[in-house]
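Student: Show me the folded form of this:
(one chain, ligands or ions: 2)
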Amino acid sequence: MSLMEEIIAAVDEMPPFPQVVQRAMQELADPAYEVSGLVDILKVDQAVTANILKLCNSAYFGLPRKVSSLKEAVVYLGADQLRQLLVSGAASKIYEKPNEGYAVFADELWRHALATAVMAQVLRRHLRLKLDDNMVFTAALLHDVGKVVLSAFVIDKYRAIESLVEGGECSFQEAEKEVLGFDHAEIGGKIAEKWEFPPEIIAAIAFHHEPSRASKELRLLTEVVALANNLAVMVGYGTGVDGLACRGHDLLLKKLNIVEKDLEGIVLLFQIEMEKTCDIAGLGES
Ligand SMILES: [Fe+2]
Ligand SMILES: [Fe+2]
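Tutor: Ligands and ions are numbered 1, 2, ... in the order given. Model (predicted):
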């Protein structure tokens, strides 16, 4: 099997994105969702149910009494917090695999993904973009999922990739493509396709390092994820190698109409939201 065939086989072997989470997200996308319908979907998965109750009863919320029914917990948490808990619970398991190939710890990649998701949400709200919040969070959280597959192949080829980058001829992502035949964004797009995600999310993952390649109608989400990725690295949630790939940053700022003084507010909001999300995502892990 050629290296490229091996990589494609590894994509095929990726576990599916949990059905329960996907169905619950579809339900939550409707602002008039029925709590009982949502409970019916969630109760099938015991681990998900346990996580929801655990979060609801955590010190974070400090409720005066214990919540023991799933229905009550769903009502209490509300759509936004439920979404974050569900998607981050599923994504954290996917990112859990060791990522030695990228010379980063799995935990570091997970923190980077979470920071990018929070940053993308902050950008959407700050810029009042007409994008679905859930779509923004999910696409940004999973933007580097291709690294989970490629890490096993990068281990052997890391020196070759690194020397291309150090030679200054190309970005990390271009070097990946040169050496492995694929880059992590492309592989991430293939994984998102396999999971049957909507085209906006597939494009945002596949083109997060080159948003101009996304088709016009899918470009806004891709640009938000690309910028969120860069900003997450800049505020200290990078993965060591991603810093080398922050190309086109000024162009993205311009396209999204962001001036220097906006960035201060964005970073401040990010810090507040990141703390909240870490509590929710951390508590959701079992
Ligand atoms: Fe990336
Ligand atoms: Fe990234």
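Student: Helix, strand, or coil at Asp144?
Tutor: Classification of Asp144 using DSSP: H, G, I helix; E, B strand; the rest coil returns coil.
Student: actually Thr239, not the one I typed
Tutor: Secondary structure, three-state DSSP: Thr239 is coil.
Student: Leaving out the residues flanking it, which one is nearest to the closest residue to ligand 2 within the stretch 51-200 of the chain?
Tutor: Per CB to the ion, Asp144 is where the stretch 51-200 of the chain lies closest to ligand 2, at 4.3 Å. For the C-beta atoms, the positions are set from N, CA and C on the backbone; glycine is no exception. Nearest-residue entry for Asp144: Ala113, 5.9 Å, with adjacent residues in sequence omitted and distances by CB to CB, 6 or more residues apart in numbering.
Student: Give the residue spans of the stretch 51-200 of the chain that score low on pLDDT.
Tutor: Counting by pLDDT under 70, the low-confidence segments of the stretch 51-200 of the chain come to 98-100, 103-105.
Student: rerun that using 80 as the cut-off
Tutor: Counting by pLDDT under 80, the stretch 51-200 of the chain has low-confidence residues at 97-106, 168-169.
Student: Up against ligand 2, what does it have?
Tutor: Neighbours of ligand 2 within the stretch 51-200 of the chain, by CB under 5 Å from the ion: Asp144.
Student: Return the distance of Pro199 relative to Leu218.
Tutor: 6 Å (CB to CB, to the nearest Å).
Student: contacting residues for Glu178?
Tutor: Glu178 sits next to 161, 164, 170 when contact means CB atoms under 8 Å, 6 or more residues apart in numbering.
Student: among these, which ones are buried?
Tutor: Neighbour-count burial (16 or more other CB atoms under 10 Å) applied to the contacts of Glu178 gives 161, 164, 170.
Student: Hmm, Ile161 and the last one touching each other?
Tutor: No: because the distance of 9.5 Å does not satisfy CB atoms under 8 Å, Cys170 is recorded as not touching Ile161.
Student: So which residues of this protein form helices?
Tutor: Ranges of helices in the chain, per DSSP state H, are 3-12, 19-28, 35-42, 46-56, 70-95, 106-126, 133-141, 146-166, 172-180, 184-194, 199-206, 219-234, 249-255, 260-284.
Student: Now distance to Ser212 too, for these, in CSV please.
Tutor: Listed next are the helices of the chain as CSV, based on distance: least, CB to CB, whole Å:
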stretch, distance to Ser212
helix 3-12, 25
helix 19-28, 28
helix 35-42, 38
helix 46-56, 38
helix 70-95, 26
helix 106-126, 18
helix 133-141, 17
helix 146-166, 19
helix 172-180, 14
helix 184-194, 13
helix 199-206, 12
helix 219-234, 8
helix 249-255, 9
helix 260-284, 22
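Student: could you measure the residue most central in space within the chain against His208, distance?
Tutor: Nearest residue to the geometric centre of the chain (CA atoms, centre = their mean): Leu141, 0.9 Å. Look at Leu141 and His208: by CB to CB, they are 12 Å apart.
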